[in-house]
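Trainee: got a predicted structure here, sequence first:
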Amino acid sequence: MTFDSSNDTVAILYDIENAPFEMLDYTLGIARRFQPCRIIVVTDWDKVPEDQKRWERLRRRPGFTFRPVTRTYLGKNSLDNALYDSALVLYKDGVRRYFIITTDSDFVKIAEALNSGDKSYIIGVGTKQASETLRSAYDEFFCYPPEKPEKKTRKAKAEKAADKQEKTAKGKTAKNVKNAKSEAKGEPKAATNAKAGKGAKAAKAEKPTKATKTAKTAKATKEAKAEELAKAAETAVSEVQKAAKTTKATKETKGRKNAKAEKVAAAKPEKVAKQEKPAKAADTKAEAPAKAAPADALTVRLPRTLQRDLERRKEEEGVSMDELVTYLLMRGITQ
């Protein structure tokens, strides 16, 4: 049915005793689809004093007309009968579009009365407890609160997975058919795969990975450091050898002087006695360089970083400095 009534009025019959104020707000939102029009709200808002402030705000909104119902008596169904009488008055005035806000099945008789002559278009608004009889009496029915869209169930997910597997299987079948046709035309599948394999290997060879580059850089750094340590060790060994030669020469010189002193003492005891003190002084002077450069001492001046590396390596390996230097030197020679 189209909304082509000559009357541009929409009437809302509100069962305020069985529907909350929020349901009326919800209905007014739906009624906007008929605008521009005049909306008449029919109810007995004086019977709900706790909502008076909201009713006052609503009545100040433009585009709404409010009609209070007149109850002929008080008690059960008094509001139903008053709304029924008001609906008949509106129908006689030519109104053919209605909203009925209730879940009470007694309002079926109002819907029947509004369709007794010229058919009206009636929209019902109620909760999910509304009976089928009441819903069937309307042209449309809106459930309050609005139902949320259902979430995807496990069954729907399973169906989606099955569809995906079916598509995959179809794709594989099509591929196999294509390969079979290629083989029939004299294009062996093995040759095609071999070409593809070569292409893939060539692509891999052309583009070395980032991990390979990092590994090469680390290796080069490590080799450079080892070479530097080997050179330092070689220098240290040469310095130690020089110190050892100096010590040996000093001892030989001392031995020769002692032998000469013995010969002189045997020939001239008195002169030898006088010369004992200078000899001792000479011996002391000869021994001084030997003490200054013992065989185990590392007298080479090396960079601080290299010295720390050698000391750390010495402590880690648990060897002497000579052993460490010899090892590093031999390692550098063999490399």
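Mentor: Structure received.

Trainee: tell me what the helix or strand hosting residue 166 is packed against?
Mentor: Element membership for residue 166, per DSSP states H and E: helix 154-184. Applying 3 or more C-beta pairs under 8 Å, 6 or more residues apart in numbering; DSSP states H and E, we find helix 154-184 packed against helix 189-206. The C-beta positions use only the backbone N, C-alpha and C, and glycine is treated the same way.

Trainee: report the distance from the helix holding residue 166 to the chain centre.
Mentor: Relative to its parent chain, helix 154-184 has a centroid offset of 32 Å by C-alpha atoms, centre = their mean, to the nearest Å.

Trainee: ditto for stretch 49-65
Mentor: On C-alpha atoms, centre = their mean, the centre of stretch 49-65 falls 50 Å from the chain's centre.

Trainee: could you give the mean pLDDT of that stretch?
Mentor: Average pLDDT, stretch 49-65: 83.

Trainee: check which residues of it are buried.
Mentor: For stretch 49-65, the neighbour count (16 or more other C-beta atoms under 10 Å) marks 55, 58 as buried.

Trainee: and that stretch, how far apart are its ends?
Mentor: Terminal residues of stretch 49-65 are spaced 20 Å apart (C-alpha to C-alpha, to the nearest Å).

Trainee: got a list of contacts for that stretch?
Mentor: Residues outside stretch 49-65 that contact it (C-beta atoms under 8 Å, 6 or more residues apart in numbering) are 21, 35, 38, 39, 40, 41, 45, 48, 66.

Trainee: let's see it at 6 Å
Mentor: The contact list for stretch 49-65, computed with C-beta atoms under 6 Å, 6 or more residues apart in numbering, reads 21, 39, 40, 45, 66.

Trainee: with stretch 104-117 instead?
Mentor: Here stretch 104-117 makes contact (C-beta under 6 Å, 6+ apart) with 18, 80, 84, 87, 91, 100, 120, 122, 131, 133, 134, 137.

Trainee: now the third one, nearest residue through space, not along the chain?
Mentor: Using C-beta to C-beta, 6 or more residues apart in numbering and skipping residues adjacent in sequence, the residue nearest residue 84 is residue 110, 5.3 Å away.

Trainee: what about that neighbour, how many neighbours?
Mentor: If you count neighbours by other C-beta atoms under 10 Å, residue 110 ends up with 24.

Trainee: start at 56 instead
Mentor: Yes, from this point I'll number from 56; that puts the last item at residue 165.

Trainee: which element, helix or strand, includes it?
Mentor: Under the criterion of DSSP H and E, residue 165 resides in helix 163-169.

Trainee: so where is the stretch 56-205 of the chain shaky, pLDDT-wise?
Mentor: Low-confidence segments of the stretch 56-205 of the chain (pLDDT under 70): 56-62, 204-205.

Trainee: where along it do the strands fall?
Mentor: Using DSSP state E, counting those that start in this stretch, the strands of the stretch 56-205 of the chain run over 64-69, 93-98, 119-123, 152-156, 176-181, 195-198.

Trainee: the helices in the stretch 56-205 of the chain, which residues?
Mentor: Per DSSP state H, counting those that start in this stretch, the stretch 56-205 of the chain carries helices over the ranges 76-86, 107-114, 133-147, 163-169, 187-191.

Trainee: could you export the contacts of stretch 159-172 as TSV, including neighbour count and distance to residue 222?
Mentor: Below are the contacts of stretch 159-172 laid out as TSV (neighbours: other C-beta atoms under 10 Å; distance: C-beta to C-beta, whole Å):
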residue	neighbour count	distance to residue 222
73	17	52
135	17	58
139	18	60
142	24	57
146	20	58
155	28	50
175	21	51
177	23	48
186	13	46
188	9	47
189	21	47
192	21	48
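
Trainee: ok, the residues you listed vs residue 81, which is closest?
Mentor: residue 155 (13.6 Å; C-beta to C-beta).

Trainee: give me the distance between the closest one and residue 300.
Mentor: In this view, residue 155 and residue 300 are 122 Å apart by C-beta to C-beta, to the nearest Å.

Trainee: out of the helices of the stretch 56-205 of the chain, flag the one nearest residue 369.
Mentor: Nearest to residue 369 among these is helix 76-86 (85.5 Å), distances taken as C-beta to C-beta.

Trainee: I'd like to know which elements the closest one is packed against.
Mentor: strand 152-156 (3 or more C-beta pairs under 6 Å, 6 or more residues apart in numbering; DSSP states H and E).

Trainee: okay if I get the helices of the stretch 56-205 of the chain as CSV plus distance to residue 364?
Mentor: Output for those, formatted as CSV (distance: least, C-beta to C-beta, whole Å):
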stretch, distance to residue 364
helix 76-86, 80
helix 107-114, 85
helix 133-147, 99
helix 163-169, 99
helix 187-191, 90
